[in-house]
Structure formats: structure tokens, C-alpha cells
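Trainee: kindly return the folded structure for what I paste below:
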Amino acid sequence: MSLLFRHLRVHHVFGANTDVGKTILTTALVRASAKTNNAFYLKPVSTGNLSDADTFHVDRHANSNRVFTECLYQYSEPVSPHLAAKLDKKPPISDSTLVNTIAAYIRRTAHTNSSPAHLYVETAGGVHSPTLSGTTQADAYRSLFLPTILIADSRLGGISTTIAAYEALLLRGYILDAVLLFRDDYYKNYEYLSMYFSERGVYVAAFEQPPERLSSPTETHRSTEEYYQRLVSPTGGVLDAVKHLTDAHTARIAELDSIPERTLKSIWWPFVQHAHVNSVNVIDSAHSDFFSVYAPTHTTSLLSPQLDSSASWWTQTFGHAHTRSTLAAARAAGRYGHVMFPGSSHLPALQLAEALLDGPGKGWAHRVFISDNGSTGMEVGLKMALRAFTRRTGRGGEGGKEQLGVLGLTGSYHGDTIGAMDACEPGVYTCEWHSAKGVWLDPPTVSFRSGRLSITLPASIAPASSLPTDFDDLQEVYNVPARLGSPLALAYKAHIEGILHRLEEARLKARSAGEATLRLAALVLEPLVLGAGGMRFVDPLFQRILMDVVRLSDPSLGLCPSPPVPSPDDFAGLPIIHDEVFTGLYRLSLLTPPPLLGPPDIAVHAKVLTGGLVPLASTMAKEGIFNAFLGEGKESALLHGHSYSAHAVGCAVAVETLKEIGEMERGVAGAWEEARGMWGVAETKTEGEEEGEQKGQETKVWSFWDPDFVLRLSEAPRVEEVMTLGCVLAIKISSSTGGYTSHAAQETLKPLSELHLASDSHATQAPGGAPYAVHYRTLGNVAYFMTSLNTSAEVVREVEDRIWGVLGA
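Mentor: Down below sits the predicted model:
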């Protein structure tokens, strides 16, 4: 993925099928390259008799001392590599080992040859032929991300196989520099394919077919040698192909060189102060948990891996360029494109709604509204809640002096659209149009401090000194039912009720005086973690008590009285919205927070929902909330929507994402077993338990980050506190300045952004085993790191070592 050198041009040679002439045309390319440069040929995997090996053919016919060949893995049976490995009974070779070995060869070649050179890496069989592990080559080699040459099939049926191979490479993001094939004057595939690829801007070249094998080996060699002489002659066409490949290599580097200047002239970034920008992080590609970034000042490859340790703003679920997600998007795009949604339905949207109601909405939600991103999903949720409240109370706050507002937590953030911002207190994210509408409570938080897990209480909750705030482990903190009768629970309840009672008294007094008032009409929570507000892990007991108090429906607290016939399918007290845009779908080790906090009336999901591929959001609601929009006139309906509402591509990707998350949830391939085990979380499913019986009912929390590392880090001199759940690790740096505008975390952890060199004997966990930097994000004096749901334990341990190397000293 991060292999680009000015002096060494590298191309990956794929075939549209087996026996299409890959080795013959690659030999011609090697021979043509060797006229002016050193030429290298690498065959990662070869099967069959050694005397028939492709390296032997290249060595014999390249006809130059400038040619160097190598085969990495040779097997005796002339069958598919995955089968050949089994038949030879050799130790299994993983995809990462195969890729790392190829990458090491390329780096070694670049290092030992300072003059211009060309290198060709030839695959085995067709694009989807299996590697040694059984993974198809198109997927297994994607992490290398080398520019490719596709050898087309000139035989009957070859047009179809070639286009299929091309689309397989295209779907995976490969750079296709050339399509080469033999010129068969009967089938004339080259004529059709030249036209087809010309329309798509892809270079095509057709060459004379190779001679038939003769009865005499000597004559066969002579005939073949004459054939290669013709191909590599000024009129044979191969020299032109080599020039095109070299020009493509040069153009790619020139374009990468130009991106920073072009970007600074045309792009307006979010959350960036352009007055202080002096560099651009140029991302050439991405795969798994890593970017491949352009770093022309490096003395080795122009590209280097960079760990995406913010999960690209909390979106990545299975890593970048995840094939299952890509194919789901392509399938929906091919079947639907985008279609009108209001009053219509299509399978991706319906399947998504049903999956959500049977997943995070199981047991409480009845309806799903599908929008385009988390912020607009929250806007929809707010409209739902406020309408349900006003229908219940008969008060709309329109034309009078009473304004509707929300009850929330200090440090909350629900998105950048105006309505979502108005549901937050004034802060660094708000803008000139902001009009805060609500009341926000300062919550107690959970963290590891100096080796102890404790709850930090705000000054408003007193007497803090008399309340137990230290805990033995995460399970004790997050076992909310067991804590409901604790002194802290009683203190929280008294604190919340006291605030609401005083607010209601003040509201009634102001209203009687004819003054403007604020009526709380919804409770809005980010469950468990306040993300953009500084990665503050809220004591779950506080949020549970807050929800319970709201649902008391006590009018003296400013809450809606219960209807004559209360229903579990409707809200009580105030409509409760869970903003799970960041916190839901196992980002914090739980499918959804309701098993800890109780069910909401409305919940919003995004980010993980589509695996980090495309924007989409869902807003789930109870039937009672839905019924608040029923009426005779259209004006009673939920008049909110987007041109791309419930777009089929996003819905299809979300369905596939939820399906894959379900596989992880069920422990397919032991996806989370090691992480759960570190935190002492055993499987809860018993033998004979019905499939899905406990879906979404998990209450035990865990993390991908090692508990011993977290404890040690909390004792580091420069660390004030650390907290982790699921994918998230948050580190608060000790600093005299805090808040979003602080640079403490950014400056302290700056060494992480530098390339971490590894010895030749030790490959890193980056694709290809190359040294890598860490791309991290900060929120003032808080740095956070975030894995995907399938990040390997080896990657996490390596990042822990890097963080400790900076903070543990």
C-alpha cells in the first residue's frame, strides 16, 4: 500500500484468466525494460514443475544481464496455489505474511538499486484465483495497492472475462495503467476491448500471438526468441507499452506532488484554522486501519503507512476498503441508483428498518426514519420529541412567551446543523445563529486516575466527601441495576429532582409575571460518553437516574403528567432521545445502551451504521411518538426530508454492516474473544439458547485496549486520567490549560505522528510491514484513539507500545 519510489517503477500484473499469456507478455515487458534499465521480475507464488516455472522462462528469454528474477513460494503440483499448498503439506502462509514478503522484496530492490529500474510482480491465474490462504488475489493483494497491468483474454469468451476482471479490480480501487493482450485475427477481441477501454480512459495494446510449441526444444527456443525480438523491436509495440507505463508512473508522482498546493488553493476544511495551516496530509489510498500518505521527504518510499487512529472521525467499522461493504454499495447502485422514497419502498430501506427494529431497537422501537447523517438524524429526533410533547400538553410555545427547550448534559454535542446546535449549551462549536434552548446538568464522570477507577463528582453534587466513588473494575461501575439503591444513586436523584423543582418554580413565577419562560420538552442524552465534548465518560448510573426521574411524570418537576391510560409504547414525563450516533453499535462494546440505562423513546444512529463507507442516519421512535404526527391534514405529518432520504446505496451498506456486526456478536472466528477475556467478560449464551434471544441485551462492558496498559498509563506523570470502553481510549493530558482550544495533547503526543522505524528483522503491523506514523485527533488536552470493530490485537498492542513510549517515560 505504501510502495512508491521515484527511481523504481513497480507494476502488478494480473490476468483476466489463467493461460492468457501473462508470463509471455510480462517477459516481453521485462526484456524491453532491460534495454535501458535494470529489470526485476517477481513471482510471489508458483505451482508446477520447476523446469516449467515462470522465473525460468523469464531468465531464459529476457536475454540480458540487467534482468533479475525471484520466486518467493514454489509448490510442485500445477494447481491453484491454495490447493498446491495443501498437497505439498507445507506450513500455511497467511495473506499478511505473503504481502509482507512481497513488500520486503520491493523495498530491498529499491534500496539496493539507486538508478532507474522497473519491477514486475506477476500473479498466478486470474484476478480471483485464490492465494495460498484461499483469499482471492484481488483481495489479498489489495493492501499492496500497486499500479496494475491487466492481461486480457484474447480467446473465445475473453471479452466477458476481461471486463469482469477489470470491474473486479475497479471495485477494489486498483489503479489500472494498461490492458495488454494478444491480437487474434479471428475472434478480434482486441478490437472490441480497445474501443471499450478507450471510452474509459484506459490504455490498451495488442501484440502478435506467440508461436506454437514445436517438436524440437531447440526449434521452440529459437522460434520463441525470434518472437520476443519482434515484440521488443521498434515496431513490435512493447517498447511503446513500457514507455506508457513509465509515463504513468511519472504522472502519478507529479500529481501527488501537486496536491498540497492545489488543496490549499481550493479546499475549505472543517474544524481547521486555515490561518495556521502549513502542510497537507495527502492520502493516496487506505486499507484496513491505515492510510497510505504521500511523504516525498522520506528517503525510502514516497508513500508511508499512517494509522487512522481516530477511525476517520469515528466512522470506520471494519477498516478501509472493506470488500463486503463495497460490493453492497455497488449492488444497490447497480439495481437502484437513487429512487424517490416518500410513499415508496425498496428492499434496502425495508431490510434496514427491520434489522434496526430487531437489533438496537428491539423491545421498544416501532418506526424508523432514515436521513443522511447524524446531525440531521438528531434534527428529526428533536422534531419528533417536541411534537409529541406539544400534542400531549397542548402547548406549542408559538405566538406566546414560552419557548420549548431540552434537558441535557454539559458538554453535549449533537451535530453542526442549527437545530442540533440549539440543543446544546453555548460553546466553541456554536455559531452566530446559535440560540441555546435548554438546561444542561454537569454530570459525574468515570475514569482511571493514578491507577484507580473512580467517579469524579461535580461540585454541585454534595457532600462529595461522604460518597463512595472508588470501584474495583469496570463491571462494578457499569452494573447499573446493582447500584440503583446506593448512596450515589440517592444523591443523584435528590440532585436532579432539586434542580428540576427549582426550574419549575422559577418558570411558574416568571409566567405569572408575564415574562418569557422556558419549558423543558425533551431529555437529550449522548449515552455513556460525551464525544466531541471531550470524550467524557459519564457515570451510567447518573444517566439512568436522570431518565428514571424524568419518567416519574411529576408535574412539580415541570414534567408531563401521565395520560389517563399510560402506554409503554409512548413517552412518560418527557420524550427521551438517545444520540447514539457515536456511542451505538458496539463502538463502546455494547450493541446499544438501553440494557444499562433503560429504553429511550427516540434513538439516532449513524457512523458505524454504514461501516464508515457512506453517510446515512436512522431515527427510531416508539409508536406513540409516531402517532403524534397523525392527522387529517398534511400539515400534521413529519415535514422533514432530503432529496437523498433513504438512498438505496447507504441502506444496502447499512444492512450488510449490521449483518457483519451480528456475525462478530455471535463470535464468528472468535472476533472479540481475546478482548472480552482481558476484561474478564465471559460469554453469556448458554447451551441451547435460542438464536438472538439475548440480542442487544449485553450489560457487561469491555475494551480492545489492554487493562494493564490502561492502569499503567493512568499513573504516568503527564497523564491526568484515562478511560476506555470498546474501541475508544481517551487520555487527558495534565495541563494548566484545558478545553477544546488547548494544544496540550497535540504537542505532547507529537512524536506519534513521526515515522516509527522498525528493524529489518521485525515487520510492523501496517500493510506490507512498513514503518508507520500515527494519525491521531485531539479535543484540547484530551487525545483519543479508536479502533475498528475488527482491528487486530497485534495492531492495538503495537499502538499501546507507541503511546507508552511517549507518555510512559
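Trainee: contact partners for Leu729?
Mentor: Leu729 makes contact with Ser703, Trp705, Val710, Val722, Met723, Tyr784, Phe785, Met786 under the criterion Cβ atoms under 8 Å, 6 or more residues apart in numbering. To be clear about C-beta, it is placed using only N, CA and C from the backbone, and glycine gets the same treatment.
Trainee: helices - which of the residues you listed land there?
Mentor: Of the contacts of Leu729, the ones assigned to helices by DSSP state H are Val710.
Trainee: so which of the contacts of Leu729 comes closest to Ile159?
Mentor: Met786 (45.4 Å; Cβ to Cβ).
Trainee: mind listing the strands for the stretch 351-500 of the chain?
Mentor: Along the stretch 351-500 of the chain, the stretches classed as strands by DSSP state E, counting those that start in this stretch are 367-371, 402-409, 438-441, 445-449, 452-456, 470-471.
Trainee: so for Asn37, which of those strands sits nearest?
Mentor: That would be strand 367-371 among the strands of the stretch 351-500 of the chain, by Cβ to Cβ, at 55.1 Å.
Trainee: hmm, back to that, for Ala521, find the nearest of the strands of the stretch 351-500 of the chain.
Mentor: strand 402-409 (4.3 Å).
Trainee: now for that closest one, which elements pack on it?
Mentor: Under the contact criterion of 3 or more Cβ pairs under 8 Å, 6 or more residues apart in numbering; DSSP states H and E, strand 402-409 touches helix 374-393, strand 438-441, strand 517-525.
Trainee: for the first one, buried residues please.
Mentor: So the one you mean is helix 374-393. 374-392 (16 or more other Cβ atoms under 10 Å).
Trainee: my guess is Gly381 meets Val604, correct?
Mentor: Yes: judged on Cβ atoms under 8 Å, Gly381 makes contact with Val604 at a distance of 5.2 Å.
Trainee: now the common contact residues for these two.
Mentor: Ile577, Asp579, Thr619.
Trainee: can I get those residues in CSV including distance to Ser76 and secondary structure?
Mentor: Below are those laid out as CSV (distance: Cβ to Cβ, whole Å; DSSP: H, G, I helix; E, B strand; the rest coil):
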residue, distance to Ser76, secondary structure
Ile577, 64, strand
Asp579, 60, strand
Thr619, 60, strand
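Trainee: and of those residues, the nearest to Val774?
Mentor: Asp579 (28.3 Å).
Trainee: show the pLDDT at that closest one.
Mentor: You'll see Asp579 listed with a pLDDT of 98.
Trainee: so it touches Met378, yeah?
Mentor: Yes: because the distance of 5.9 Å satisfies Cβ under 8 Å, Asp579 is recorded as touching Met378.
Trainee: shared neighbours, these two?
Mentor: His414, Val604.
Trainee: and the closest residue to Ser562 other than its chain neighbours, what element?
Mentor: Residue nearest to Ser562 in three dimensions, not counting chain neighbours: Ser553, with 4.5 Å by Cβ to Cβ, 6 or more residues apart in numbering. Using DSSP states H and E, Ser553 sits within no helix or strand.
Trainee: hmm, Ser553 is touching Leu559, no?
Mentor: Yes: shown here, Ser553 and Leu559 form a contact pair, counting by Cβ under 8 Å, at 5.4 Å.
Trainee: what's the angle from the helix or strand hosting Asp708 to strand 445-449?
Mentor: Per DSSP H and E, Asp708 falls inside helix 707-714. Counting by axes from the mean of the first three to the mean of the last three Cα atoms, to 10 degrees, helix 707-714 lies at 80 degrees to strand 445-449.
Trainee: any idea of the mean pLDDT in helix 707-714?
Mentor: Across helix 707-714, pLDDT averages out at 97.
Trainee: report the buried residues of it.
Mentor: Neighbour counts over helix 707-714 (16+ other Cβ under 10 Å) mark Pro707, Phe709, Val710, Arg712, Leu713, Ser714 as buried.
Trainee: what of stretch 2-9?
Mentor: Buried residues in stretch 2-9, counted by 16+ other Cβ under 10 Å: Ser2, Leu3, Leu4, Phe5, Leu8, Arg9.
Trainee: make JSON lines out of these and add distance to His111.
Mentor: Converted to JSON lines, those look like this (distance: Cβ to Cβ, whole Å):
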{"residue": "Ser2", "distance to His111": "15"}
{"residue": "Leu3", "distance to His111": "12"}
{"residue": "Leu4", "distance to His111": "14"}
{"residue": "Phe5", "distance to His111": "9"}
{"residue": "Leu8", "distance to His111": "9"}
{"residue": "Arg9", "distance to His111": "15"}
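Trainee: can I get those residues in a markdown table including distance to Gly677 and secondary structure?
Mentor: Output for these, formatted as a markdown table (distance: Cβ to Cβ, whole Å; three-state DSSP):
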| residue | distance to Gly677 | secondary structure |
| --- | --- | --- |
| Ser2 | 33 | coil |
| Leu3 | 36 | coil |
| Leu4 | 40 | coil |
| Phe5 | 43 | coil |
| Leu8 | 44 | strand |
| Arg9 | 47 | strand |
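Trainee: return the member of these nearest to Val428.
Mentor: The shortest approach to Val428 among these belongs to Ser2, at 35.2 Å (Cβ to Cβ).
Trainee: and the contacts of stretch 534-546?
Mentor: Contacts of stretch 534-546 (Cβ under 8 Å, 6+ apart): 409, 411, 441, 443-447, 455, 477-478, 480, 483-484, 486, 488-489, 492-493, 496, 523, 525-530, 593, 596-598, 723, 725, 728, 730, 740, 779-780, 782, 784.
Trainee: need the overlap of contacts for Ser553 and Leu559.
Mentor: Shared contacts of Ser553 and Leu559, counting by Cβ under 8 Å, 6+ apart, come down to Gly573.
Trainee: tell me the centre residue of this structure?
Mentor: The centroid of the chain falls nearest to Gln316 when counting by Cα atoms, centre = their mean (1.5 Å).
Trainee: what about the residue nearest to that one when sequence neighbours are not counted, how many neighbours?
Mentor: With sequence-adjacent residues excluded and distances taken as Cβ to Cβ, 6+ apart, Gln316 is closest to Gly612, at 4.0 Å. Around Gly612 sit 23 other residues, with neighbours defined as other Cβ atoms under 10 Å.
Trainee: mind checking the SS state of Gly612?
Mentor: coil (DSSP: H, G, I helix; E, B strand; the rest coil).
Trainee: can you tell me which residues contact it?
Mentor: By Cβ under 8 Å, 6+ apart, the contact list for Gly612 reads Ala311, Ser312, Thr315, Gln316, Thr317, Phe318, His320, His322, Ser325, Ser788.
Trainee: quick one on the thing from earlier: relative to Glu432, which of the helices and strands packed on strand 402-409 is closest?
Mentor: Among the helices and strands packed on strand 402-409, the nearest to Glu432 by Cβ to Cβ is helix 374-393 (17.7 Å).
Trainee: please save the CA atoms from the closest one in PDB.
Mentor: Provided in PDB are the C-alpha atoms of helix 374-393 (Å, rounded to 0.1, in the frame of the first residue of the first chain):
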ATOM      1  CA  GLY A 374     -26.100  12.100  12.400                       C
ATOM      2  CA  SER A 375     -26.800  15.800  12.800                       C
ATOM      3  CA  THR A 376     -29.900  15.700  10.600                       C
ATOM      4  CA  GLY A 377     -30.900  12.500  12.300                       C
ATOM      5  CA  MET A 378     -30.900  14.400  15.500                       C
ATOM      6  CA  GLU A 379     -32.900  17.300  14.000                       C
ATOM      7  CA  VAL A 380     -35.500  14.700  13.100                       C
ATOM      8  CA  GLY A 381     -35.400  13.300  16.600                       C
ATOM      9  CA  LEU A 382     -35.900  16.700  18.100                       C
ATOM     10  CA  LYS A 383     -38.900  17.500  15.900                       C
ATOM     11  CA  MET A 384     -40.400  14.100  16.900                       C
ATOM     12  CA  ALA A 385     -39.900  14.800  20.600                       C
ATOM     13  CA  LEU A 386     -41.200  18.400  20.500                       C
ATOM     14  CA  ARG A 387     -44.300  17.400  18.500                       C
ATOM     15  CA  ALA A 388     -45.100  14.600  20.900                       C
ATOM     16  CA  PHE A 389     -44.700  16.900  23.900                       C
ATOM     17  CA  THR A 390     -46.900  19.600  22.500                       C
ATOM     18  CA  ARG A 391     -49.600  17.100  21.400                       C
ATOM     19  CA  ARG A 392     -49.600  15.800  25.000                       C
ATOM     20  CA  THR A 393     -49.600  19.200  26.700                       C
END
